[in-house]
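Visitor: I need the structure of the sequence given here:
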Amino acid sequence: MSDLLLRLQERLGYHFQVPQILIDALTHRSFAASNNERLEFLGDGVLNLCIGLLLYERFPQIKEGRLSRLRANLVSQQPLYEIATDLRLGELLRLGEGEVRSGGTGRPSILADALESVFGAVLLDGGFEAVRGVISRLFSTRLAGIDPEQQGKDAKTRLQEWLQGRRLNLPVYTLRDTQGQAHAQTFVVECCVAALSVRTEGQGASRKAAEQAAAEAACALLESPT
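Guide: This next block holds a predicted model:
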């Protein structure tokens with residue numbers, strides 16, 4: 001087994017009994033007919049179940065509709081892409097030559113799908129408790145950062161409501177930079193709250209995601225105790 005695969009397992013906190021299953025999870029359809037699409041299907045299902053269980057246990061006071069919105073936010077492409085990037089999955093993906101040339105190793109959709117495939121692989125290799133442990137560890141910071149009072153509201157909505165409650169003008173979002181190739185771009189957006197002289201930046205795989213990141217940074221500044 002390669003050093004890269006061993007290090008990935010260390011970052012996951014799980015070591016495969018059958019390493020080939022992990023290799024299959026990292027094989028894109030552009031590389032071979034035998035690829036990770038079935039594992040992605042399996043991983044998507046177990047991810048939704050595990051995140052649902054974690055939210056159910058952590059927030060007994062929140063009703064079903066809001067739990068569903070919280071789960072949808074957590075399992076969307078952007079957080080999966082960010083976790084996959086932290087795990088450095090792009091270094092291990094097996095892609096066809098065309099995908100490699102077009103920047104597939106950094107493409108958010110490919111990385112998010114690959115992470116779901118890895119979850120499916122852990123489920124097959126080690127069972128439900130193993131994959132639940134992996135998902136719990138990887139999402140622990142995001143789960144800990146959920147404010148039940150906000151009940152799943154995204155950062156831009158929270159910032160807007162905070163400002164409106166104080167009769168202040170809404171923030172202005174400005175695209176400052178676009179980095180990377182066309183299929184693997186990173187957007188940099190500034191959030192400006194002029195009345196309070198607050199300027200924050202956020203990055204993301206889309207302009208919308210970068211705006212959310214910038215708004216989250218502004219919320220952290222404005223909501224922190226003085």
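
Visitor: next, residue 204: phi, psi?
Guide: Here is the backbone geometry of residue 204 (degrees, to the nearest 10): phi -170, psi 170.

Visitor: and the one 5 residues further on, by the same measure?
Guide: In this entry, residue 209 is assigned phi and psi values of phi -70, psi -40 (degrees, to the nearest 10).

Visitor: right, and it touches residue 186 too?
Guide: No: assessed by C-beta atoms under 8 Å, residue 209 is found out of contact with residue 186, at 9.6 Å. Where you see a C-beta, it was placed from the backbone N, CA and C, and this is true even at glycine.

Visitor: out of the two, which sits in the busier spot?
Guide: Per other C-beta atoms under 10 Å, whichever of residue 209 and residue 186 has more neighbours is residue 209, with 22 against 16.

Visitor: show me what contacts the more buried one?
Guide: Residues counted as contacts of residue 209 (C-beta atoms under 8 Å, 6 or more residues apart in numbering) are 78, 187, 202.

Visitor: one more: residue 27?
Guide: Counting by C-beta under 8 Å, 6+ apart, residue 27 touches 34, 35, 36, 94.

Visitor: just list whatever residues bridge to it.
Guide: residue 94 (DSSP bridges).

Visitor: just the pLDDT at it, thanks.
Guide: In this prediction, residue 27 carries a pLDDT score of 92.

Visitor: and residue 182, by the same measure?
Guide: Note on residue 182: pLDDT of 66.

Visitor: distance check, residue 67 against residue 125.
Guide: 29 Å (C-beta to C-beta, to the nearest Å).

Visitor: give me the neighbour count for residue 91.
Guide: Applying other C-beta under 10 Å, we find 11 residues neighbouring residue 91.

Visitor: repeat for residue 23
Guide: Look at residue 23: counted by other C-beta under 10 Å, it has 17 neighbours.

Visitor: please tell me how far it sits from residue 49.
Guide: Distance, residue 23 to residue 49, by C-beta to C-beta: 25 Å.

Visitor: that older thread, would you convert the contacts of residue 27 into CSV that also reports secondary structure?
Guide: Formatted as CSV, those follow (DSSP: H, G, I helix; E, B strand; the rest coil):
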residue, secondary structure
34, coil
35, coil
36, coil
94, strand
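
Visitor: which one of these is nearest residue 82?
Guide: Within these, the smallest distance to residue 82 is 19.4 Å, found for residue 36 (C-beta to C-beta).

Visitor: following the host helix or strand of residue 133, which helix or strand comes up?
Guide: Secondary structure from DSSP states H and E places residue 133 in helix 128-138. Sequence order places helix 140-144 as the next helix or strand after helix 128-138, per DSSP H and E.

Visitor: hmm, who's touching that following helix?
Guide: Counting contacts by C-beta under 8 Å, 6+ apart, the residues touching helix 140-144 from outside are 54, 55, 58, 74, 79.
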